[in-house]
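In: quick one, what's the 3D model for this:
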Amino acid sequence: IVYLACGAIYNYQAKGARGLQLIPHVGFWMDYPALVMDGVHYSMKLVSEYTGQQPHSYSESSGFQTLGAAERDTFANFEPSR
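Out: Here you go, the predicted model:
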């Protein structure tokens with residue numbers, strides 16, 4: 001609550017924000033439900049791969065590509081922003 005109150009005051013005073021723009025990082029909070037669902041679908045896909053179960057139909061259209069164990073959780077191709 002302190003985060004929201006202080007962020008809203010800052011956005012109002014410093015940026016002249018009104019309405020939804022008062023919420024700190026409003027873009028993130030608007031995207032949050034979809035990000036959570038993506039995480040749930042991805043986790044369920046991983047669990048079904050490891051348990052040998054057939055993945056549900058929603059995971060086929062989720063946009064995730066299947067990676068091998070060597071490609072998962074790696075920063076081999078990471079390039080920091082400049």
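In: give me the neighbour count for residue 29.
Out: Residue 29 sits with 12 neighbouring residues when counted by other CB atoms under 10 Å. C-beta coordinates here come from the backbone N, C-alpha and C atoms, glycine included.
In: please verify my assumption that it contacts residue 20.
Out: No: counting by CB atoms under 8 Å, residue 29 sits too far from residue 20 to count as a contact (9.2 Å).
In: quick one: the closest residue to residue 12 other than its chain neighbours from residue 36, how far?
Out: Sequence neighbours aside, residue 22 is the residue nearest to residue 12 in space, at 5.9 Å (criterion: CB to CB, 6 or more residues apart in numbering). With distances taken as CB to CB, to the nearest Å, residue 22 is found 23 Å from residue 36.
In: neighbour count winner among these two?
Out: Neighbours were counted for residue 22 and for residue 36 using other CB under 10 Å; residue 22 has more, 16 against 10.
In: per-residue confidence at the more buried one?
Out: As predicted, residue 22 sits at a pLDDT of 95.
In: residue contacts, it?
Out: Going by CB atoms under 8 Å, 6 or more residues apart in numbering, residue 22 touches 7, 8, 11, 12.
In: show me the contacts for the third one.
Out: Put plainly, it is residue 11. 17, 21, 22, 23, 24.
In: report how many residues lie close to the second one.
Out: Put plainly, it is residue 21. Neighbour tally, residue 21, other CB under 10 Å: 14.
In: what strand or helix carries the residue nearest to it when sequence neighbours are not counted?
Out: Closest residue in space to residue 21, ignoring its immediate chain neighbours: residue 11 at 6.5 Å, by CB to CB, 6+ apart. Assessed by DSSP states H and E, residue 11 sits inside helix 2-15.
In: can you tell me the average pLDDT over that helix?
Out: Here helix 2-15 scores 96 as its mean pLDDT.
In: show me what counts as buried in that helix.
Out: Judged by neighbour count (16 or more other CB atoms under 10 Å), helix 2-15 contains these buried residues: 7, 11.
In: kind regards, and thank you for your time.
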